[in-house]
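# Just a sequence and a predicted model for now, questions to come.
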Amino acid sequence: MKKTKSMYLRQVTVMLGLIALCMVLLGAGFFSLSYRHQLEEIKTTLDRNASYISSYANTAITKGDSLTEEDFISYIRSAVLLTDSTVLVCSTDGEIFCAAGSNLDREIFTVPLQDVQVPSWAVNLLLEEGSYSGMTSFNQLLSGRCYVTGKILSPLVQDPRTGELTSSGIPAGLLFVAADTTAVLDFLQNTFQLFFITAAAVLLISLVICSLTVQRMVDPLKGMCAFAHKFAHGEVDTRITEYANRSDEIGELAAAFNAMADSLAQAEQKRSEFVANVSHELKTPMTTIAGFADGILDGTIPPEKERESLQVISSETRRLSRLVRRMLELSRLQSSERVAAQEQFDAAEVLLRVLVSLEAKITEKELDVQTQLPDGPVMVWGDPDAVTQVCYNLLDNAVKFAAPQGKLTLKITTKGGKVYIAIGNEGETIPPEQLTHIFDRFHKADSSRSTHKDGVGLGLYIVKTLLNTYKEDITVTSQDGFTEFTFTLSEV
């Protein structure tokens, strides 16, 4: 449960963190763009106003008028009113002799103007660079931080080539035009406050939505954990029904859990059946052996029948030995000790070799062997020993259950890169309900498992296990007294 809670907190934190990061980046980009745009507009306006005023001042200087005359000062005051800016006109030494505008510090400018100077650093920078622009308060001359643009005032001379009037480049004074940026900063501050309130509201709404969304994801996982704990404690009938009808990944997980539970329940049932079958298969021969041995020892069986009884004991002992050997072989097949070897060999040769090994049994039952084999070799991939065991088990079963003087068929065909080996016999038809269980462990056609059958019910299960090791298939058909097993191998 702690891990689930941790997952909930982690998911909510990550989602809210991403939303907050996006809003911070968006806000920073918006404010930076807005601030630069506002400053660019102020700078453009100031440059235009400064050009107009400097042009008028340069013309006046060219005519020989003084920048301290009342006409020029009146013009400056009119320009200030029209442009809503602050203008400072000073000498090249920084001494201010004309100042007008709403951004002047009134306490400073109440004294005679000849005692007020523009900071030397601004004067020197303007004279060196030829122009000046930046945010400054001119050492508190201006009230608040202002954006200031500076230009050099100089008399005009006529260009002999074009006849146009141009600046002579000889400084006669300095002009500074300033605009208050308080409105811009107030706008950005108000916008930031609105953005902060909006961001807080968005984060709060996101918290609610994220909590509900993540909770809807986590609750099914908690429920499934509870079901898993119940299943682990032996409640194998537990199934998830609450989320099985959902069409998302949670529904798929619930369906997978139920499928796993069904598979484990079937495995448990098969395990119980396996134990019961092993117990039955071991009990039958051991009971027979003990009964006949006790009969000989206590004299219940007469001396003339002791040899017959010993033959029964010997037969049951061998059957018990075959059962143990088959179970050990099956255990080895299902363990990781067996390595699926892959090599090329002739499947037809293996099949015929097995057929020859069973010649005595075939002759004893007078079976009619019919073969349909290719003329040349049939080269396949696989383990020759495993395929030999598969062929032997299938042929041995076919001979065992074939009717006396019946037909035994062997057929090899190829199609689509696969080799199909079919082994059939004439005999009793296997009922359809048994065909689905014929490859199960300890399955026999006779449910009573009477002692006259020498099989142990593991041969076909071993065949299927061997073929599955190489990802090959085996099928069976049985109708009208003819049964045929067909398995595949990969063609070279």
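Cool, the structure landed. Fair warning: this is a prediction, and the values are worked out from it, not measured in the lab.
# Verify the assumption that Phe196 is located in a helix.
Yes - membership of Phe196 in a helix is supported by DSSP: H, G, I helix; E, B strand; the rest coil.
# Please report how far it lies from Gly299.
With distances taken as Cβ to Cβ, to the nearest Å, Phe196 is found 108 Å from Gly299. Where C-beta positions appear, they are placed from N, C-alpha and C, glycine not excepted.
# out of the two, which sits in the more crowded spot?
The residue with more neighbours, out of Phe196 and Gly299, is Phe196; 12 against 8, by other Cβ atoms under 10 Å.
# where's that one relative to Thr181, distance?
Taken as Cβ to Cβ, the span from Phe196 to Thr181 is 22 Å.
# Show me which helix runs longest in the chain.
helix 2-62 (DSSP state H).
# secondary structure element for Phe345?
Assigned by DSSP states H and E, Phe345 belongs to strand 343-346.
# List the buried residues of that strand.
By 16 or more other Cβ atoms under 10 Å, the buried positions in strand 343-346 come out as 345-346.
# same question, stretch 405-422
Neighbour counts using 16+ other Cβ under 10 Å place 406-412, 419-422 of stretch 405-422 among the buried residues.
# quick check: mean pLDDT across it?
For stretch 405-422, the mean per-residue pLDDT is 93.
# Other residues contacting that stretch?
347-348, 351, 355, 362, 365-374, 378, 380, 391, 398-399, 402, 423-427, 482, 484-491 (Cβ atoms under 8 Å, 6 or more residues apart in numbering).
# Can I have the buried ones of those residues as a PyMOL selection?
Of the contacts of stretch 405-422, the buried ones can be selected in PyMOL as follows, counting by 16+ other Cβ under 10 Å:
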select buried, resi 347+348+351+355+362+367+373+378+380+391+398+399+402+423+424+425+426+427+484+485+486+487+488+489+491
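# Now intersect the contacts of stretch 405-422 with the strands, please.
In strands, judged by DSSP state E, the following of those are found: 368-372, 380, 423-426, 482, 484-491.
# Show me the strands in this protein, by range?
Applying DSSP E to the chain gives strands spanning 86-90, 96-100, 131-136, 146-153, 156-158, 165-167, 173-180, 343-346, 368-372, 379-382, 407-415, 418-426, 474-479, 482-491.
# Correct me if wrong: Thr181 contacts Ile42.
Yes - in terms of Cβ atoms under 8 Å, Thr181 counts as a neighbour of Ile42; the distance is 6.8 Å.
# what touches both of these two?
Tyr147.
# Now tabulate the strands of the chain in JSON lines and tack on distance to Val312.
What follows is the strands of the chain, written out as JSON lines (distance: least, Cβ to Cβ, whole Å):
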{"stretch": "strand 86-90", "distance to Val312": "128"}
{"stretch": "strand 96-100", "distance to Val312": "135"}
{"stretch": "strand 131-136", "distance to Val312": "116"}
{"stretch": "strand 146-153", "distance to Val312": "118"}
{"stretch": "strand 156-158", "distance to Val312": "140"}
{"stretch": "strand 165-167", "distance to Val312": "135"}
{"stretch": "strand 173-180", "distance to Val312": "121"}
{"stretch": "strand 343-346", "distance to Val312": "42"}
{"stretch": "strand 368-372", "distance to Val312": "33"}
{"stretch": "strand 379-382", "distance to Val312": "41"}
{"stretch": "strand 407-415", "distance to Val312": "30"}
{"stretch": "strand 418-426", "distance to Val312": "29"}
{"stretch": "strand 474-479", "distance to Val312": "33"}
{"stretch": "strand 482-491", "distance to Val312": "31"}
